[in-house]
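A.B. asks: Mind folding the following:
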Amino acid sequence: MSDVIHEPHLEPPADAVAFFGDSLRLLQESGVPFLLSGTYAVSAYTGITRPTKDLDVFCKPGDYPKILAWFQARDYRVEVEDERWIAKVWKDEKRFFDVIFAMSNGTISVSDDWFGGERIRVYGVEVEVTTPTALILSKVFIQDRYRYDGADVNHVILKQSDAIDWRALLAHMELYWEVLLAHLINFRFAYPTERERIPHWLMDELIGRLQAQVNLPPPRIRVCRGRLFSPRDYICDITEFGFSDVVGKGLEEAHDPVD
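C.D. replies: Numbering: from 1, shown residues only. A predicted model of the protein is given here:
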């Protein structure tokens with residue numbers, strides 16, 4: 001972990017600054033391990049700053065009930081928006097922060113190895129942000145018509161390639177190695193002079209998998225994994241085009257007799 005403390009200029013709404021600062025201080029008092037991610041981590045690792053109105057607090061799945069209970073006991077309103085990945089802590093009808101413990105598509109959850117990243121000072125409080133590796137993991141599946149985080153992934157690789165745990169990144173993306181390969185190819189295209197920032201062994205491994213896959217027969221179940229990127233953009237594939245969803249079987253297979 002670096003001992004350098006950055007103080008990014010994120011320009012949140014004026015009425016949110018005090019709330020964010022109070023929330024972070026209360027989080028520290030709780031003793032529950034937590035991280036900041038999103039714009040805060042991008043700023044810490046790349047130097048890119050942009051306005052934000054959000055406070056994304058990350059924690060392990062087993063810790064999010066502790067955070068909610070801590071704030072609830074202090075007269076905050078809490079809400080489990082989706083038990084698969086996100087909850088909220090409300091001060092009033094306008095001010096809240098997210099408590100995120102997994103990715104929205106259910107592929108990856110926050111774990112111990114997300115900790116140990118940079119420490120920054122925001123809203124007068126010193127806090128830890130996700131590691132560069134975890135920051136990439138949090139963004140690789142954000143790909144829909146309204147938001148695509150590929151540029152953030154590229155900038156983290158550009159600025160933090162030596163700090164990325166590439167083997168851990170591959171291990172987390174083992175089932176989704178094609179998604180990782182696609183991001184790495186995008187990086188190589190965006191920065192042709194910086195290709196050496198990606199380890200040769202990793203490109204060799206992923207390209208080897210692709211070459212081995214090319215002449216294999218297609219899967220028996222006609223699945224569309226696009227909903228891991230965007231549930232709304234790929235819903236037509238499930239409801240109209242006859243593809244199986246990410247979880248479960250498609251309409252035709254659903255009627256197969258049970259043995």
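A.B. asks: and residue 73, how many residues sit next to it?
C.D. replies: By the measure other Cβ atoms under 10 Å, the count of residues near residue 73 is 10. Any C-beta I mention is one placed from the backbone N, CA and C, and that applies to glycine too.
A.B. asks: which residues does it contact?
C.D. replies: Under the criterion of Cβ atoms under 8 Å, 6 or more residues apart in numbering, residue 73 has no contact partners.
A.B. asks: Then residue 238?
C.D. replies: Contacts of residue 238 by Cβ under 8 Å, 6+ apart are 224, 227, 244-245, 250.
A.B. asks: where does residue 87 sit relative to residue 214, distance-wise?
C.D. replies: Distance, residue 87 to residue 214, by Cβ to Cβ, to the nearest Å: 43 Å.
A.B. asks: So the two - more neighbours on which side?
C.D. replies: residue 87 (21 against 6).
A.B. asks: helix or strand right after the host helix or strand of the more buried one?
C.D. replies: Secondary structure from DSSP states H and E places residue 87 in strand 86-90. Scanning forward in sequence from strand 86-90 by DSSP H and E, the next helix or strand is strand 96-100.
A.B. asks: Mind listing the strands that next one pairs with, and their directions?
C.D. replies: strand 56-58 (parallel), strand 86-90 (antiparallel) (DSSP bridges).
A.B. asks: Strands of this protein, residue ranges please.
C.D. replies: Taking DSSP state E, the strands of the chain run over residues 5-6, 35-36, 56-58, 77-82, 86-90, 96-100, 119-122, 125-128.
A.B. asks: what would the strands paired with strand 96-100 look like in TSV with distance to residue 239 and mean pLDDT?
C.D. replies: Listed next are the strands paired with strand 96-100 as TSV, based on distance: least, Cβ to Cβ, whole Å; pLDDT from 0 to 100:
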stretch	distance to residue 239	mean pLDDT
strand 56-58	31	96
strand 86-90	25	96
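A.B. asks: Would you tell me which of these gets closest to residue 163?
C.D. replies: Closest approach to residue 163 among these (Cβ to Cβ): strand 56-58, 18.0 Å.
A.B. asks: what stretches of the stretch 51-200 of the chain score poorly on pLDDT?
C.D. replies: By pLDDT under 70, the stretch 51-200 of the chain contains no weakly predicted segment.
A.B. asks: What are the buried residues along stretch 205-212?
C.D. replies: If you call a residue buried by 16 or more other Cβ atoms under 10 Å, then stretch 205-212 has these buried ones: residue 206.
A.B. asks: Can you say which of the strands paired with strand 96-100 is nearest to residue 191?
C.D. replies: strand 56-58 (26.9 Å).
A.B. asks: domains for the protein, by residue range?
C.D. replies: Taking automatic domain parsing as the reference, the chain has its domains at 5-212, 226-255.
A.B. asks: just the helices in the stretch 151-259 of the chain please.
C.D. replies: 166-172, 177-190, 200-214, 235-239 (DSSP state H, counting those that start in this stretch).
A.B. asks: Now the third one - C-alpha only, PDB.
C.D. replies: Put plainly, it is helix 200-214. C-alpha atoms of helix 200-214 as PDB (Å, rounded to 0.1, in the frame of the first residue of the first chain):
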ATOM      1  CA  HIS A 200       3.500 -11.300 -22.600                       C
ATOM      2  CA  TRP A 201       2.600 -14.400 -20.700                       C
ATOM      3  CA  LEU A 202      -1.000 -13.200 -20.200                       C
ATOM      4  CA  MET A 203      -1.500 -12.400 -23.900                       C
ATOM      5  CA  ASP A 204       0.000 -15.700 -24.900                       C
ATOM      6  CA  GLU A 205      -2.300 -17.500 -22.400                       C
ATOM      7  CA  LEU A 206      -5.500 -15.800 -23.600                       C
ATOM      8  CA  ILE A 207      -4.700 -16.000 -27.300                       C
ATOM      9  CA  GLY A 208      -3.900 -19.700 -26.800                       C
ATOM     10  CA  ARG A 209      -7.300 -20.200 -25.300                       C
ATOM     11  CA  LEU A 210      -8.900 -18.400 -28.200                       C
ATOM     12  CA  GLN A 211      -7.000 -20.500 -30.700                       C
ATOM     13  CA  ALA A 212      -8.000 -23.700 -28.900                       C
ATOM     14  CA  GLN A 213     -11.600 -22.600 -28.900                       C
ATOM     15  CA  VAL A 214     -11.900 -21.700 -32.600                       C
END
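A.B. asks: Great, nothing more from me.
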